[in-house]
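Novice: model the following, please.
(one chain, ligands or ions: 1)
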Amino acid sequence: MTKKMSSRVKTLSPSTTLAITAKAKEMKESGIDVIGLGAGEPDYNTPDNILEAAYRSMIEGKTKYTPAGGLPALKDAIIHKLQKDQGLNYTRKEVMIGIGAKHVLYTLFQVMLDPGDEVIIPAPYWVSYPEQVKLAGGVPVHIEGSSAAQFKVTAEQIREAVTPRTKAIIINSPSNPTGMIYSREELVQIAEVCKEKDIWIVSDEIYEKLIYGEEQHISIAQLSDDAKQRTLIINGVSKSYSMTGWRIGYIAGNVEVVSAMTDLASHSTSNPTTTSQYATIEAYNGPQDTVETMRKDFESRLEQVYPQFVAIPGFKVLKPQGAFYLLPDVSEAAKNTGFANVDDFAAALLTKANVAVIPGSGFGSPDTIRLSYATSIDLLEEAIRRIRTFVEENW
Ligand code: PLP
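Specialist: A predicted model of the protein is given here:
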């Protein structure tokens, strides 16, 4: 075949998270006792009330197409949630439901970016942001949040990164992979710069419900009328309601952007799965106690395992404030166990210690590995024991 594929996909790399998870699964299926700390999903089943609502909707015959942008009743449930949780008011025309937050973001960049438009992406970042921006013809511009700054960027760094081609900045708080949360004061300053430079704010709030200690979720859209006008909130049910497989996410924001996204969906995906939409109505409108049960459980796992990770030689670990990831800097451990870089160290953890972790290089953070603590305490403690033994024996 001489006809090549599009230039668009030439630099496209597969999601490191999904690749390692697949490799670990393959090893497991061949009988190797691998512990996976790579997964980006809660280890709970979807709550029963949500499963029952989905089943009921199918039995009632609600199994056909819906409007491309989602069921009006689901839009209303999301509008109610945003009003109740964030005090933000949106209309149905300002909300679109899509196939997971990931595809909502993909669609957003497709309608937002012209070739050469820049999007500022603070590193460490979620793996898909730069790829999605590139697929839309855009240019990812990275600014770094150092570990000394809790992996967060400052308004000043953003100001310096803006050029006449800058279209947007992505804020992900709580963050995957760092677990850090921007404070109200930090967000106020960021919103000010975005106003001054007149750029969009893409606010990915998917981990909103998984927050620990005294911290609170604040959406940057809450901070002023101007911030609300320029913020596109991205959220969904994957992490908060343990619904990763149902594939429902949404955007709330500017009516023209949402309308263009809905038109694009009408030619690409049609509606998100009807049954999943009915399940999500129940997730938002039904009892919320399971969300809190899961949050508390993650928090107690974090409290138990955090000191154990800190105690591994050559691991420098900041305590996360949300989500379910740890992002230790393991450059010392890699160096002292004879590896040229952290990617090779992470590969050896999988093949020699049988623990799957995600190398931070895919997150723009090459000295780190990402560990998910969304797994049972017993498995976590065994994984820590294996990693520790591997490091100590090879030191
Ligand atoms: N945004 C971030 C920061 C994520 O970590 C994820 C999932 O890993 C998503 C978006 C996508 O979530 P969804 O399952 O709704 O597509």
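Novice: pretty sure Lys75 is in a helix, no?
Specialist: Yes: under DSSP: H, G, I helix; E, B strand; the rest coil, Lys75 sits within a helix.
Novice: count of neighbours near it?
Specialist: By other CB atoms under 10 Å, 24 other residues sit near Lys75. (Each C-beta comes from the backbone N, C-alpha and C, glycine too.)
Novice: can you pull the contacts of it?
Specialist: 69, 92, 95, 97 (CB atoms under 8 Å, 6 or more residues apart in numbering).
Novice: just flag the most distant two among these.
Specialist: By the measure CB to CB, Arg92 and Ile97 form the most distant pair in the contacts of Lys75, at 10.7 Å.
Novice: quick check: which element contains the nearest residue to Asp344 once chain neighbours are set aside?
Specialist: Distance criterion CB to CB, 6 or more residues apart in numbering; nearest residue to Asp344, sequence neighbours excluded, is Ala334 at 7.2 Å. Ala334 belongs to helix 331-336 when assigned by DSSP states H and E.
Novice: residues in contact with that helix?
Specialist: With CB under 8 Å, 6+ apart, helix 331-336 has contacts from 312-316, 341-342, 344-345, 367, 391, 395.
Novice: let's see which of the contacts of Lys75 end up in helices.
Specialist: The members of the contacts of Lys75 all map outside helices under DSSP state H.
Novice: and of those, the nearest to Ile169?
Specialist: So of those, ranked by how close each gets to Ile169 (CB to CB), first place is Val95, at 21.8 Å.
Novice: rewinding a little: could the contacts of helix 331-336 go into TSV alongside secondary structure?
Specialist: Converted to TSV, those look like this (three-state DSSP):
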residue	secondary structure
Ile312	coil
Pro313	coil
Gly314	coil
Phe315	coil
Lys316	strand
Asn341	coil
Val342	helix
Asp344	helix
Phe345	helix
Asp367	coil
Val391	helix
Trp395	coil
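Novice: wait, doesn't Gln229 sit right on Glu256?
Specialist: No: counting by CB atoms under 8 Å, Gln229 sits too far from Glu256 to count as a contact (11.5 Å).
Novice: how many other residues sit next to Ser173?
Specialist: Neighbour count of Ser173, defined by other CB under 10 Å: 28.
Novice: count the residues that sit near whichever residue of the chain sits closest to the ligand.
Specialist: The nearest approach of the chain to the ligand comes at Gly100, 2.7 Å away (CB to the nearest ligand atom). For Gly100, the neighbour count with other CB under 10 Å is 22.
Novice: pLDDT score for it?
Specialist: pLDDT, Gly100: 98.
Novice: just Lys296 next, same as before
Specialist: We have a pLDDT of 97 for Lys296.
Novice: so when I look at it, I'm seeing a helix, right?
Specialist: Yes: according to three-state DSSP, Lys296 belongs to a helix.
Novice: now whichever strand or helix holds Tyr284: buried residues?
Specialist: Take DSSP H and E as the rule and Tyr284 turns out to sit in helix 274-285. Neighbour counts over helix 274-285 (16 or more other CB atoms under 10 Å) mark 274-285 as buried.
Novice: just to revisit the earlier point, which one of Arg92 and Ile97 is surrounded by more residues?
Specialist: Using other CB under 10 Å, the more surrounded residue of Arg92 and Ile97 is Ile97, with 27 against 16.
Novice: bridging residues for that one?
Specialist: With DSSP bridges as the criterion, Ile97 is bridged to Tyr250.
Novice: tell me how far the spatially closest residue to Arg8 that is not a sequence neighbour lies from Val104.
Specialist: Nearest in space to Arg8, with sequence neighbours left out and distances taken as CB to CB, 6+ apart, is Leu135 at 6.2 Å. Leu135 sits 14 Å away from Val104, taking CB to CB, to the nearest Å as the criterion.
Novice: these two: which is more packed in?
Specialist: For Leu135 versus Val104, neighbours defined as other CB under 10 Å are more numerous around Val104 (24 against 17).
Novice: tell me what the helix or strand the more buried one falls within is packed against?
Specialist: Element membership for Val104 (DSSP H and E) is helix 100-112. With contacts defined as 3 or more CB pairs under 8 Å, 6 or more residues apart in numbering; DSSP states H and E, helix 100-112 has these neighbours: strand 95-98, helix 128-135, strand 200-204, strand 231-236, strand 249-252, helix 255-268.
Novice: go through the ones you listed and pick out the most buried.
Specialist: strand 95-98 (a mean of 28; mean count of other CB atoms under 10 Å).
Novice: quick check, it touching the ligand?
Specialist: No: using CB under 6 Å from any ligand atom, strand 95-98 stays clear of the ligand, coming no nearer than 8.7 Å.
Novice: who's in contact with that strand?
Specialist: Under CB under 8 Å, 6+ apart, the answer for strand 95-98 is 69-71, 74-75, 78-79, 104, 107, 248-252, 258, 261-262, 265, 269, 271-272, 277, 280.
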